[in-house]
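Peer 1: Take this sequence and fold it.
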Amino acid sequence: MSTDVIKPTAFRKFAFKKFIWVSIAAILASLVVTLLVSSIYLGFSYQQATEKVHSELDMILTQLQQANGNPSRIEALLMQIQPKEKQNTYQFVGAGLSHYAIKESNKPAVTFNKLARAIETDRIPVQVFDVTHTVLLGGIPLYYSPNCQTCELSDPKGKFIGSLLYERRITSPIFGTSIFGVFLLIFILNFFVIGVYMMTRTLEQDFIQPLKKLSQRIDHVRLDEDDMVWQRQPQKIAEIDMVDEMITEHIQMLKAVHEKLDALMVTEHESGFFHQDRFKESLQFEIFRSERYKRPLSMIVIKLIKIISTSSNHEVSVAEKIHVFADLINHATRNVDMPFRVRDQLFVILMPEIDENDIRIVTRKYYERFSQPSHAATHESASFNFKIEIGYASYGYDATTANELMHAALARLTEDPTNTEKEKEV
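Peer 2: Predicted structure coming up:
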């Protein structure tokens, strides 16, 4: 199973790479948006200009009909009927490939020469769109038939007499500059918006989110939990990776210190009872003392089966519930009694000076005490019921060794000691 190896990168280098990538992506995206908007605008303008040129051509051809095919008269009439709009230019070029003397207007004469030659060669209308200068260029062939008085100049039945060329600006120079400024503004706004969005998203994914996850992992660390787990997670950014590494080292060190302190402590940290390591030593000592001074010794074993919360208004941790349970035991024990937590859910109380008769009464009182709801110290409204099993044994009566005493108490574990005593009486 292969795993991806993350190589941390310094923040400056990482940020520079991301900035270059975001800038290129924002420029490309802005160009696409700007080109799309400009294409829509130019397409609309081109359609309007084409319709207007065709309308003007129909009017001009109708008036040029009076020239009766004479090129000189056509040019003279064309000068008279020239449209008033300065961005429109019409020019007549007579037939003959060697007689081109085209005036330069807003477009180089070379382009008009090419149009005239193409029209004379192919005898078809030609129209081109110069995007760079936003100019519509074109021309139509003119024909004249002396024998046909009703034929139009665009009717190919007659003799070719020349080409009518036209040039029309889609936008005026002033308006064109404004449009260019608008497109530039659109490009800049798009670049800014897209750049900010992409940079914010990049920072969120690669910088803020790793820090948030690191903070959440630190938040869930509990040194007082035996199954505390902290796993080192490599990060993309070297500085964050260094923080993760240092936190990992410190947590491992603190965990080792906590384990050593826990081993040195006499009492267990959750319940406040003596450690299970002290139990055997204390039990042997109390048995020795009982034998030597001929004094009674008894033991109560309590097994915590279940903790039932009778109020769901407050969330209380398991450690807090154990603390409440331990407080109940502490309140019920004497100063000479020694409570131990030998396992997670198993508690033992050594009771000197309690014989085989008194231990039954004490066991019943303990059971009645745990049958009542108990409250957490931090949340008075949080109430718990503890389901337990309780057993007891007396040294010299039930057993003569430490192991026998413990086994006898475990064998008597029951959920209700009062029922056991009634059965014995019967």
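
Peer 1: I'd guess residue 139 is in a strand, am I close?
Peer 2: Yes - checked against DSSP: H, G, I helix; E, B strand; the rest coil, residue 139 lies within a strand.

Peer 1: residue contacts, it?
Peer 2: Contact analysis of residue 139 by C-beta atoms under 8 Å, 6 or more residues apart in numbering lists 93, 115-116, 119, 125-127, 163-166. For the C-beta atoms, the positions are set from N, CA and C on the backbone; glycine is no exception.

Peer 1: Now do the strands in this protein.
Peer 2: For the chain, strands defined by DSSP state E occupy the ranges 88-94, 126-130, 135-144, 159-169, 297-309, 338-341, 346-352, 374-375, 383-394.

Peer 1: Got the domain ranges for this structure?
Peer 2: The domain map for the chain lists 12-176, 220-264, 277-425, with the assignment taken from automatic domain parsing.

Peer 1: ok so, going back, filter the contacts of residue 139 down to the buried ones, PyMOL style.
Peer 2: Only the buried entries of these go into this PyMOL selection, using 16 or more other C-beta atoms under 10 Å:
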select buried, resi 93+115+116+119+126+163+164+165+166
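
Peer 1: mind putting the strands of the chain in a markdown table, distance to residue 43 included?
Peer 2: Shown next, in a markdown table, are the strands of the chain (distance: least, C-beta to C-beta, whole Å):
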| stretch | distance to residue 43 |
| --- | --- |
| strand 88-94 | 20 |
| strand 126-130 | 10 |
| strand 135-144 | 13 |
| strand 159-169 | 16 |
| strand 297-309 | 71 |
| strand 338-341 | 84 |
| strand 346-352 | 85 |
| strand 374-375 | 78 |
| strand 383-394 | 76 |
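
Peer 1: Can you read off the pLDDT for the spatially most central residue of the chain?
Peer 2: When C-alpha atoms, centre = their mean is applied to the chain, the residue found nearest the centroid is residue 205 (6.4 Å). We have a pLDDT of 82 for residue 205.

Peer 1: Distance from stretch 118-128 to the middle of the chain?
Peer 2: Chain-centre distance of stretch 118-128: 60 Å, with C-alpha atoms, centre = their mean, to the nearest Å.

Peer 1: mind listing the helices for the stretch 1-150 of the chain?
Peer 2: Ranges of helices within the stretch 1-150 of the chain are 11-64, 71-80, 109-122, based on DSSP state H, counting those that start in this stretch.

Peer 1: what's the closest of those to residue 284?
Peer 2: Among the helices of the stretch 1-150 of the chain, helix 11-64 comes nearest to residue 284, with 62.0 Å by C-beta to C-beta.

Peer 1: In JSON lines, list the domains of the chain along with distance to residue 194 and mean pLDDT.
Peer 2: Below are those laid out as JSON lines (distance: least, C-beta to C-beta, whole Å; pLDDT from 0 to 100):
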{"stretch": "domain 12-176", "distance to residue 194": "4", "mean pLDDT": "74"}
{"stretch": "domain 220-264", "distance to residue 194": "23", "mean pLDDT": "75"}
{"stretch": "domain 277-425", "distance to residue 194": "45", "mean pLDDT": "83"}
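
Peer 1: What segments of the stretch 201-350 of the chain are helices?
Peer 2: 209-219, 238-264, 277-293, 318-332.

Peer 1: can you pull the buried residues of the third one?
Peer 2: It refers to helix 277-293. Residues of helix 277-293 classed as buried by neighbour count (16+ other C-beta under 10 Å): 278-279, 283, 286-287, 290.

Peer 1: Give me the contact list for it.
Peer 2: Applying C-beta under 8 Å, 6+ apart, the contact partners of helix 277-293 are 266, 274, 295-297, 338, 340, 342, 348, 350, 352, 395-396, 401-402, 405-406.

Peer 1: Give me the contacts around stretch 394-406.
Peer 2: Stretch 394-406 is contacted from outside by 280, 283-284, 287, 290, 296-299, 301, 348, 354-356, 359, 393, 407-409, using C-beta under 8 Å, 6+ apart.

Peer 1: What is the end-to-end distance of it?
Peer 2: 10 Å (C-alpha to C-alpha, to the nearest Å).

Peer 1: switch to numbering from 340
Peer 2: Let's use 340 as the start, then, which means that last one is stretch 733-745.

Peer 1: ok, and for that stretch, which residues are buried?
Peer 2: For stretch 733-745, by 16+ other C-beta under 10 Å, it's 733-738, 741, 744-745.

Peer 1: what do you get for stretch 466-474?
Peer 2: Going by 16+ other C-beta under 10 Å, stretch 466-474 has these buried residues: 468, 472-474.

Peer 1: Closest one of the residues you listed to residue 521?
Peer 2: Proximity to residue 521 was ranked across the buried residues of stretch 466-474 by C-beta to C-beta; first place goes to residue 473, at 13.5 Å.

Peer 1: Please spell out which residue in this structure sits farthest from the middle.
Peer 2: Farthest out in the chain is residue 486, which, by C-alpha atoms, centre = their mean, sits 82.1 Å from the centre.

Peer 1: Quickly note the distance from that residue to residue 501.
Peer 2: 19 Å (C-beta to C-beta, to the nearest Å).

Peer 1: Bridged to residue 641, which residues?
Peer 2: Using DSSP bridges, the bridge partners assigned to residue 641 are residue 686, residue 729.

Peer 1: give the contact list for residue 545.
Peer 2: 353, 357, 575-576.

Peer 1: whoops, residue 752 was the one
Peer 2: Residue 752 sits in contact with 640, 642, 728-730, where contact means C-beta under 8 Å, 6+ apart.

Peer 1: Give me the phi and psi for it.
Peer 2: Backbone torsions of residue 752, given as degrees, to the nearest 10, read phi -60, psi 130.

Peer 1: Against residue 683, how distant is it?
Peer 2: 16 Å.

Peer 1: How about residue 468?
Peer 2: 85 Å.

Peer 1: Same question for residue 731.
Peer 2: 21 Å.

Peer 1: And for residue 620?
Peer 2: Separation of residue 620 from residue 683 (C-beta to C-beta): 21 Å.
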